[in-house]
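Participant: Predicted model and sequence below, questions to follow.
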Amino acid sequence: MAVASFVLGLIGLLVLNVLLGPIAIVLAGLSLWRGTARRGRALLGLGLGVADLVVLAALVAADGTLSWSIAG
């Protein structure tokens with residue numbers, strides 16, 4: 001679960017951050033709660049999940065809609 005949260009958080013920075021960010025946060029929290037051996041990956045997944053939501057909030061605030069595009 002720790003690796004999955006890391007991968008989903010990383011992908012979520014580019015696409016579908018409204019969906020992948022919360023999933024990465026939940027998976028990281030579950031893996032930390034279970035006492036995973038990959039604690040660093042879980043913490044990175046947690047950080048990336050939060051970063052997904054921060055990026056989404058910044059882009060929504062700049063654009064004014066829930067959808068955003070790099071092209072403008």
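Facilitator: Happy to help now that I have it.
Participant: Which parts of this protein are helices?
Facilitator: Under the criterion DSSP state H, the chain contains helices at 2-12, 17-34, 39-63.
Participant: Include mean pLDDT and mean neighbour count when you put the ones you listed into JSON lines, please.
Facilitator: C-betas here are computed from N, CA, C, even on glycine. What follows is the helices of the chain, written out as JSON lines (pLDDT from 0 to 100; neighbours: other CB atoms under 10 Å):
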{"stretch": "helix 2-12", "mean pLDDT": "91", "mean neighbour count": "21"}
{"stretch": "helix 17-34", "mean pLDDT": "91", "mean neighbour count": "19"}
{"stretch": "helix 39-63", "mean pLDDT": "88", "mean neighbour count": "17"}
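Participant: mind checking how far Asp63 is from Leu56?
Facilitator: Counting by CB to CB, to the nearest Å, the separation of Asp63 from Leu56 is 11 Å.
Participant: and the closest residue to Val50 other than its chain neighbours, how far is that from Val7?
Facilitator: Distances taken as CB to CB, 6 or more residues apart in numbering put Ile25 closest to Val50, at 6.7 Å, once the chain neighbours are dropped. Distance, Ile25 to Val7, using CB to CB: 14 Å.
Participant: Overlap in contacts, the two.
Facilitator: Residues touching both Ile25 and Val7 (CB atoms under 8 Å, 6 or more residues apart in numbering) are Gly45.
Participant: show me the contacts for the nearest residue to Leu10 once chain neighbours are set aside.
Facilitator: In this structure, Leu10 finds its nearest non-sequential neighbour in Leu48, 5.7 Å apart by CB to CB, 6+ apart. Residues in contact with Leu48, defined by CB under 8 Å, 6+ apart, are 5-6, 9-10, 12-13, 24.
Participant: Farthest pair within those?
Facilitator: Greatest spatial distance in those: Ser5 and Leu13, 13.2 Å, computed using CB to CB.
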